[in-house]
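Engineer: Give me the fold of what follows.
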Amino acid sequence: DSILVTADFTEPGITVEAMSEIACEESSTILNLMTQGNYSLEWTSANGSIINGADSPNPEVEEEGWYIVTATGANGCTSTDSTFVEMIPAIEQVIVEAEKLCQASADADVEVIEVIGGTGPYTFELDGASNQTGNFSGLDVGEFELLITDFNNCQWTEMVTIDQYDEILFSAVQNEFQLTSAQDIPIEFITNLPEFDTLIWSPIPSIDCLNCLESTLTVSTSEMYTVSIFDWNGCSQELTINIELEDEMVPEKIYIPNVFTPNGDAANNVLFIFNNEVVSLERFVIYDRWGNQVYSQEEFDPGGSSESWDGRFNDQNVITGVYAYLLKYKDQNGQNQIKTGSITVL
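Structural biologist: Numbering: from 1, shown residues only. I've put the predicted structure just below:
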């Protein structure tokens with residue numbers, strides 16, 4: 001007699017999906033094992049970390065490294081396969097510099113100094129523009145969303161704020177001079193800056209102190225000076241000083257003071273219009289810095305108490321600052337004229 005003994009040495013048929021990734025902000029990934037039967041499974045890793053499912057076809061893992069699966073069939077035969085899990089680095093931090101503006105105008109620069117984490121090259125998007133340099137220009141005051149996308153499509157969002165320095169207020173106690181002869185005249189400036197960097201005159205006058213708020217200017221001829229004040233941030237404001245000698249003067253039809261102080265101290269509290277020729281004043285309008293009309297008067301005589309501005313709007317004192325005006329009048333020849341300028345309320 002004989003006995004036929006058969007042996008089953010068939011190894012389990014398993015295949016692990018190719019290399020996996022833990023991308024960007026993800027903390028883990030699921031591995032995928034394809035099998036050709038029901039086997040006993042065991043996942044191991046020398047440098048990775050298996051969170052759960054170590055005996056299943058789809059374990060969850062959370063660290064970069066090699067993951068090895070061993071499958072054991074009913075016959076005791078085993079097979080192994082492995083896969084490498086790559087950790088895709090996320091963007092961790094972005095360092096951005098945003099220029100601060102001297103005034104509300106679309107000329108600020110934003111620069112991405114450094115991207116920490118992720119994989120370059122990076123694409124930067126801000127205010128509808130996109131580039132790979134991280135440099136943007138022509139931006140206005142406000143908040144902007146900066147979007148950074150790296151080579152692996154990992155993304156980072158950063159809010160960028162462009163601020164504005166406080167407005168510089170700058171005026172002269174008197175900036176119109178009509179003189180009968182060459183002489184020394186006092187010059188005094190008023191500003192809201194507790195300290196300033198420098199004053200720049202153009203052209204350079206004969207003066208005892210170029211960089212002082214109070215000085216004495218020697219006049220020998222008619223001249224118009226532009227004076228600019230700069231703060232320590234490089235921001236500036238300017239005004240003009242107009243000097244006319246009698247033998248060179250052209251009569252001024254209309255004179256409007258450029259500074260007044262409606263603070264109730266009984267001195268310089270009201271703004272009047274003066275003239276040295278008989279003219280017809282048609283309309284006088286004052287606007288704030290945003291273009292809102294704060295005062296309007298039509299067909300009036302200059303210098304009358306009812307035709308003056310007391311620095312109020314809607315029964316409230318306006319804020320200190322620079323206001324623009326527009327005056328329409330007729331000269332002695334019946335010609336329509338327009339005069340514009342600015343007034344500083346202190």
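Engineer: isn't Glu63 right up against Ala46?
Structural biologist: No - in terms of Cβ atoms under 8 Å, Glu63 does not count as a neighbour of Ala46; the distance is 10.8 Å. From N, CA and C alone the C-beta is placed, and that goes for glycine too.
Engineer: Settle it for me: which of those two has more neighbours?
Structural biologist: Taking neighbours as other Cβ atoms under 10 Å, Glu63 and Ala46 compare with Glu63 leading, 15 against 8.
Engineer: Now do the contacts for the residue nearest to the spatial centre of the chain.
Structural biologist: Among the residues of the chain, Ile162 comes closest to the average C-alpha position under Cα atoms, centre = their mean, at 2.0 Å. Under the criterion of Cβ atoms under 8 Å, 6 or more residues apart in numbering, the contact list for Ile162 reads Ala98, Glu99, Lys100, Leu101, Ala108, Val110, Leu139, Asp140, Val141, Gly142, Glu143, Phe144.
Engineer: Same list (these) but as TSV, adding distance to Glu195.
Structural biologist: Putting the contacts of Ile162 into TSV (distance: Cβ to Cβ, whole Å) gives the following:
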residue	distance to Glu195
Ala98	25
Glu99	22
Lys100	18
Leu101	20
Ala108	25
Val110	29
Leu139	29
Asp140	28
Val141	24
Gly142	29
Glu143	30
Phe144	32
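Engineer: When you filter the residues you listed down to buried only, what's left?
Structural biologist: Burial by neighbour count, judged by 16 or more other Cβ atoms under 10 Å, picks out Ala98, Leu101, Ala108, Val110, Leu139, Phe144 from those.
Engineer: so what's the first one up against?
Structural biologist: By that I understand Ala98. Ala98 touches Ala108, Asp109, Val110, Val160, Thr161, Ile162, Asp163, counting by Cβ under 8 Å, 6+ apart.
Engineer: Just the terminal-to-terminal distance for stretch 88-108.
Structural biologist: End-to-end distance for stretch 88-108, by Cα to Cα, to the nearest Å: 35 Å.
Engineer: quick one: buried residues of that stretch?
Structural biologist: Those would be Ile88, Pro89, Ala90, Ile91, Val94, Val96, Ala98, Leu101, Cys102, Ala108, for stretch 88-108 by 16+ other Cβ under 10 Å.
Engineer: try stretch 47-55
Structural biologist: Neighbour counts using 16+ other Cβ under 10 Å place Gly48, Ile50, Ala54 of stretch 47-55 among the buried residues.
Engineer: all strands in the stretch 151-300 of the chain, in order from the N-terminus.
Structural biologist: Residue ranges of the strands in the stretch 151-300 of the chain, as given by DSSP state E, counting those that start in this stretch, are 155-162, 170-172, 176-179, 183-191, 198-202, 214-219, 223-230, 236-245, 254-255, 259-260, 274-275, 280-287, 293-300.
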